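Peer 1: after the sequence you'll find the predicted model.
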Amino acid sequence: MLPVRKEIIARLASLTGLPEPEVETSLEIPPDPTLGEYAFPCFPLARRFKKAPQLIAAEMAEHDWPSDYVERVESVGPYLNFHVRRSYLYNTLLPQILREGPVYGILAEGKGKTVVVDYSAPNIAKPFSVGHLRSTVIGNALCRLYRSLGYKVVGINHLGDWGTQFGKLIVAYRQWGDANRLLEEPVQYLYHLYVRFHQEAESTPELEEEARSWFRRLEQGDREARELWEHFRALSLEDFQRLYRYLGISFDSYMGESDYNDRLEETIELARSRGLVKESEGALVADLEPYGLPTCLLRKKDGAALYITRDLAAAIYRHETYSFDQMLYVVGAEQTLHFQQFFKLLELMGFSWAGNCTHVPFGLIHFKDGRMSTRQGKVIFLEEVLKRAVELAREIIEEKNPSLNEKDSVARAVGLGAVIFGDLINDRIKDVEFDWEKILDFAGETAPYIQYSHARVCSILRRAAAEEMISANGMDTELKETTTSGDAAPLKVHNSFGEPEEETLIIAMAHFSEEIVRAVRDNRPSYLARYLLELARGFNKFYHNCPVLTASEEIRQRRLQLVAGVRIVLRNGLALLGIEAPQEM
RNA sequence: GACUCCGUAGCUUAACUGAAUAGAGCACCUGACUACGGAUCAGGAGGUUGGGGGUUUGAAUCCCUCCGGGGUCACCA
């Protein structure tokens, strides 16, 4: 937390008698920068002191506030508004940003704590569709956000590599399969077989029973079934990993559903020993009605375990292995009930850490005319979306900046950025309609807008560096990721603080780490995405109104530092969302 | 049917979890490169926050109800 904020909270707490956390949550950022950098609404105090909030604010404003951080405090109606000292912002905070560079915004709040993030989890043998985009992108951003707060993060890809769909695939492959085509395009081809299976099963329902029987054989370790399964699994995994590499995503563990096969029995036994299990129509169920939840099935009458049993086994295993302080499941909102049952069962099984497990739900991606369906072949491959986005970025580069170097990597950064950001920008709980036009939009509230701002920042710094060495200001001439450490010459002390556009920028930069904390607190990367948009907007206004390179020396120095700071925050912020920031585009 | 989520400008949406004049983007209209990149910027128009009640000093936000849409509800994950 910024020392200004800390000081304001502490002093408000002692003045009002409210506990610090309470002050902290009610401390807000005023809607208009002319109202100051922080605001404290006095409404809650009205009842306590039996006085009008306006009066309370006015009285509190009389207090002796000024300090190294705080310049003045004013009451505006029922609000107590804090104006932070410009000299602090420009002469302490800004140098700190420039000094810390790539690690600016990184805090130690999660130090010593471990958080497990379960995300992406595609089904092997099913295509990686845009439907999987959300979990993948949100999970990745959360991993990076938690890491930036000092948490040890374990990203787990709980692969859907077990289940009756493998019975279907084996049946389809044995009947219509072609080994060569499988090797050429594994996931595509398996998907083709999967769709064909369902088509044929319409007219030949016996196929379904055959599939169940093959899955049973697989579970019993039948050699042919096992070999096919392993083959399918290995090929699919390779394909997925190619995609993850392309997206710049990596996992700490690829333990999938099949890896818990040998722990299912003991999990069921544990539940049984707690008196949670009873038999019903040949199956094993857990009765959760006393807790207002529907009964759930742990084992089918044919002996096969279900999803929830696997999740229980996996959770227990993960706690043994990582002894996490928190575990997040980045899984669609349609599974909310499942997670309620799952967490309740963990609790009833006696695991005190059940309360540290959180479902991070998100809305469905659907078409205008209904939801996507793998079975019916109504899906859009994520790979196709990414490819088209990158191609489009490439076309725009050819049109606007044909002399650009490294067009391919820039096109990739911009195209992928647009898709990723497009998913992260909105509240994750909302359903989204799949729309080519929207997903390929590069103007307005998009990653390319932020990336473009960043590229212009870099352009200014590059020109400035060409004219004079500004490396002493925390930026080396190559614009590499380096930060100059303590040996840099001290920055010039600013005594004048410039235009409103400059104010907006420095204040926005001051709030960076607060936005990260907020995004982590609510597991909502969208907060950070919005913030970056706001900062980029602020920069663009500044850019059009405040010349940097041609300004007088004092102003030029100040603005150069400001711009260098913006570069760091935009770049770090995008990185936290899993998006690259090219220097030119 | 029960439970649950969502409903804000023509479209996509924000609002720091109950507070300052509901803020953006797209599309539309008008302007801006003899200053650092026009993937940009300035301005205009566009709102009974689905309807109706209630709680509160204060409601887009909480409660009730109705309408519309999504999701889930024992042998899928």
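Peer 2: Looks like it came in fine.
Peer 1: tell me where chain A has strands.
Peer 2: Using DSSP state E, the strands of chain A run over A:38-41, A:70-76, A:79-84, A:114-118, A:152-156, A:277-280, A:283-286, A:296-299, A:326-330, A:357-360, A:365-367, A:370-371, A:432-433.
Peer 1: next, format the ones you listed as TSV and append mean neighbour count and distance to RNA strand B.
Peer 2: No exception for glycine: its C-beta is placed from N, CA and C like everyone else's. Formatted as TSV, those follow (neighbours: other CB atoms under 10 Å; distance: least, CB to the nearest atom of the strand, whole Å):
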stretch	mean neighbour count	distance to RNA strand B
strand A:38-41	20	3
strand A:70-76	18	4
strand A:79-84	23	3
strand A:114-118	24	12
strand A:152-156	22	14
strand A:277-280	13	4
strand A:283-286	19	3
strand A:296-299	20	5
strand A:326-330	23	12
strand A:357-360	20	11
strand A:365-367	16	7
strand A:370-371	10	4
strand A:432-433	14	5
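Peer 1: need those in TSV (columns: distance to A:Glu62).
Peer 2: Converted to TSV, the strands of chain A look like this (distance: least, CB to CB, whole Å):
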stretch	distance to A:Glu62
strand A:38-41	14
strand A:70-76	9
strand A:79-84	11
strand A:114-118	45
strand A:152-156	47
strand A:277-280	67
strand A:283-286	62
strand A:296-299	61
strand A:326-330	44
strand A:357-360	44
strand A:365-367	55
strand A:370-371	60
strand A:432-433	51
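Peer 1: so who does the spatially closest residue to A:Thr136 that is not a sequence neighbour touch?
Peer 2: Spatially, and ignoring its direct neighbours in sequence, A:Thr136 is nearest to A:Ser120 (4.3 Å; CB to CB, 6 or more residues apart in numbering). Residues near A:Ser120 by CB atoms under 8 Å, 6 or more residues apart in numbering: A:132, A:135-136, A:139-140, A:157, A:244, A:249, A:251, A:330.
Peer 1: swap in A:Glu208?
Peer 2: Counting by CB under 8 Å, 6+ apart, A:Glu208 touches A:Ala201.
Peer 1: tell me how far it lies from A:Phe215.
Peer 2: 11 Å (CB to CB, to the nearest Å).
Peer 1: quick revisit: closest to A:Leu228 out of the contacts of A:Ser120?
Peer 2: Closest approach between these and A:Leu228, by CB to CB: A:Asn157, at 22.2 Å.
Peer 1: ok, that closest one to RNA strand B distance?
Peer 2: Separation of A:Asn157 from RNA strand B (CB to the nearest atom of the strand, to the nearest Å): 13 Å.
Peer 1: helices of the stretch 251-400 of chain A, start to end?
Peer 2: Per DSSP state H, counting those that start in this stretch, the stretch 251-400 of chain A carries helices over the ranges A:264-273, A:307-322, A:336-348, A:382-400.
Peer 1: just the pLDDT for the residue nearest to A:Thr136.
Peer 2: The per-residue pLDDT reported for A:Ser120 equals 96.
Peer 1: all helices of the stretch 51-200 of chain A, in order?
Peer 2: A:53-62, A:86-88, A:94-100, A:133-148, A:164-176, A:179-184, A:186-203.
Peer 1: ugh, wrong one, I meant the stretch 451-585 of chain A
Peer 2: A:500-510, A:512-521, A:526-545, A:553-576.
Peer 1: find the closest residue to RNA strand B in the stretch 101-250 of chain A.
Peer 2: RNA strand B sits closest to A:Gly163 of the stretch 101-250 of chain A, with a gap of 3.5 Å, by CB to the nearest atom of the strand.
Peer 1: neighbours around that residue, how many?
Peer 2: 19 (other CB atoms under 10 Å).
Peer 1: residues from the stretch 51-200 of chain A in reach of RNA strand B?
Peer 2: Residues of the stretch 51-200 of chain A lying close to RNA strand B by CB under 7 Å from any atom of the strand are A:53, A:76-79, A:81, A:123, A:160, A:162-165.
Peer 1: between those, which is nearest A:Glu499?
Peer 2: Using CB to CB as the measure, the one of those that approaches A:Glu499 most closely is A:Asn81, at 20.8 Å.
Peer 1: would you mind measuring from A:Gln426 to A:Val432?
Peer 2: One correction, residue A:426 is Asn, not Gln. In terms of CB to CB, A:Asn426 sits 7 Å off from A:Val432.
Peer 1: picking up where we left off before, tell me the most buried of the helices of the stretch 51-200 of chain A?
Peer 2: Highest mean neighbour count of the helices of the stretch 51-200 of chain A: helix A:133-148, a mean of 24 (counted as mean count of other CB atoms under 10 Å).
Peer 1: burial measure for the residue in chain A positioned nearest to RNA strand B, as a count.
Peer 2: When distances are taken as CB to the nearest atom of the strand, chain A reaches nearest to RNA strand B at A:Gly444, 2.2 Å away. When neighbours are defined as other CB under 10 Å, A:Gly444 has 8 of them.
Peer 1: quick one: pLDDT of it?
Peer 2: 93.
Peer 1: for the closest residue to A:Ile429 other than its chain neighbours, give me its contacts.
Peer 2: Closest residue to A:Ile429 apart from its sequence neighbours, by CB to CB, 6+ apart: A:Gly363 at 5.6 Å. By CB under 8 Å, 6+ apart, the contact set of A:Gly363 is A:134, A:332-333, A:428-432.
Peer 1: quick one: the residue most central in space within chain A from A:Leu577, how far?
Peer 2: Computing the C-alpha centroid of chain A and ranking residues by CA atoms, centre = their mean puts A:Ala141 first, at 2.5 Å. According to CB to CB, A:Ala141 stands 5 Å off from A:Leu577.
Peer 1: what do those two both touch?
Peer 2: The contact lists of A:Ala141 and A:Leu577 share A:424, A:525, A:528, where a contact means CB under 8 Å, 6+ apart.
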